[in-house]
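>>> model this:
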Amino acid sequence: MNLNQNELKKKFGKNIIFQERLSKYSWFNLGGPAKIMFKPESVEQLTNFLKYVNKSNDPMKITCLGAGSNTLIRDGGFNGVIVKLSSKFSYINILEENVLEVGAGTLDKTLSRYAAENSIVNFEFLSCIPGSVGGAIIMNSGCYGDEISNIFISLKAIDYNGNIREIKNDEIKFVYRGTNLPEDLIILSVKLHAIKGDKNLINEKISNYSQKKKESQPSQIKTCGSTFKNPKDKKAWKLIKNSNGNLLSFGKASISKKHSNFFVNEGGASSNDIEKLIYFVRQNVFEKYKINLDLELKIIGENINNE
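I've put the predicted structure just below:
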């Protein structure tokens, strides 16, 4: 079976979009089109879609795009299937005492706000993290000494073949800004520890985090946050600043003057500009410190032929 646009549209209707421009799904506001974008409204619909796609004689690459807050999409777009979970995957339920079930599409900030309103502690740091809960698990998001692995119980996910599985905390190796989860998994929901605390102290902590972030990080710009992971016992932004001075820009892509690990689309940049800047900065840091910076940013898609 070959994937036919008419057949896909007939079977999955409005949830299928062809040649969808991905720039509107990225915080960089960059990226070419996706050959196919699928926006499932239920687990059943997603299961049926993945199984249908895998019957094809010409299987395509599949990736799941979250909030787009940590992803650079190349100018040539994505020559495959982008799965973008619909709002139906954004929910928060109290399952039992001390346990929350959270849809993978729920924004981190929404979850933090819900926890604060319900006097639940240890979610305060999520108020400073852009992105969705599914992405937060995959990259073990954290800041100010906290990580989501500290409150994680288990997750429900589906692989690209349409098989659903539950994975518990002790089956996952959490590391700094990463996990050993397979790349062919789409997280559907997670269970998290929900411990009651003092609402005033929770709100005070969120306020302190917000002030710290405001003082140290740029806002209201086209950026995907931290570009590189911090090396052990080092700060990536310091290494970048000390290696590149007040440089740098490629085209309309530049380094934020407020935080050197934030790369910015000043308006009119290309993804290729951002990627060249990444390469140049990484090279400069290595030449000065003999340290290879690892990307925290995820890069997907294809370059345009002449890039």
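
>>> what's the average pLDDT for stretch 269-286?
Averaging pLDDT along stretch 269-286 yields 95.

>>> meant to ask about stretch 186-201, not that
Mean predicted lDDT for stretch 186-201 stands at 98.

>>> repeat for stretch 83-92
pLDDT averaged over stretch 83-92 gives 97.

>>> ok, and what's touching it?
15, 25, 37-42, 46, 62-66, 100-107, 110-111, 114, 132, 134, 186, 188-189 (CB atoms under 8 Å, 6 or more residues apart in numbering). Bear in mind the C-beta positions are built from the backbone N, C-alpha and C, glycine included.

>>> The residues you listed in helices, which ones?
Leu46, Thr110, Leu111, Tyr114, Gly134 (DSSP state H).

>>> Kindly provide the distance from Leu126 to Thr106.
Distance of Leu126 to Thr106, computed by CB to CB, to the nearest Å: 10 Å.

>>> between these two, which one's more packed in?
The neighbour comparison of Leu126 against Thr106 (other CB atoms under 10 Å) goes to Leu126, with 28 against 23.

>>> which other helices and strands contact the helix or strand bottoming out on mean pLDDT in the chain?
The helix or strand of the chain with the poorest confidence is strand 249-250; it has a mean of 86 (mean pLDDT, DSSP states H and E). Using 3 or more CB pairs under 8 Å, 6 or more residues apart in numbering; DSSP states H and E, the elements in contact with strand 249-250 are helix 271-289.

>>> Thr179 against Lys173, yeah?
Yes: Thr179 lies in contact with Lys173 (CB atoms under 8 Å); the separation is 6.5 Å.

>>> Give me the more crowded residue out of the two.
Neighbour totals were compared for Thr179 and Lys173, and Thr179 leads with 16 against 11 (other CB under 10 Å).

>>> The more buried one pairs with what?
Counting by DSSP bridges, Thr179 forms beta bridges with Phe174.

>>> which intervals of the protein have sub-threshold pLDDT?
1-2, 57, 245-247, 306-307 (pLDDT under 70).

>>> Could I get the full set of helices for it?
Under DSSP H, the chain gives helices at 5-12, 43-54, 108-117, 133-138, 199-216, 236-244, 271-289.

>>> for these, which one ends up most surrounded?
Of all those, helix 133-138 carries the top mean neighbour count, a mean of 26, counting by mean count of other CB atoms under 10 Å.

>>> Can you name every helix or strand that that helix contacts?
Short answer (3+ CB pairs under 8 Å, 6+ apart): helix 133-138 packs on helix 108-117, strand 185-193.

>>> Please repeat the previous calculation with a cut-off of 10 Å.
strand 61-64, strand 99-103, helix 108-117, strand 152-159, strand 178-179, strand 185-193 (3 or more CB pairs under 10 Å, 6 or more residues apart in numbering; DSSP states H and E).

>>> Turn those into JSON lines, columns for distance to Phe250.
JSON lines is the format used below for the helices and strands packed on helix 133-138 (distance: least, CB to CB, whole Å):
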{"stretch": "strand 61-64", "distance to Phe250": "25"}
{"stretch": "strand 99-103", "distance to Phe250": "38"}
{"stretch": "helix 108-117", "distance to Phe250": "30"}
{"stretch": "strand 152-159", "distance to Phe250": "37"}
{"stretch": "strand 178-179", "distance to Phe250": "27"}
{"stretch": "strand 185-193", "distance to Phe250": "33"}
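
>>> domains of this structure?
5-87, 90-201, 218-300 (automatic domain parsing).

>>> among those domains, which is nearest Asn208?
domain 90-201 (8.8 Å; CB to CB).

>>> The closest one: end-to-end distance?
For domain 90-201, the first and last residues are 27 Å from each other (CA to CA, to the nearest Å).

>>> try stretch 96-114
Terminal residues of stretch 96-114 are spaced 16 Å apart (CA to CA).
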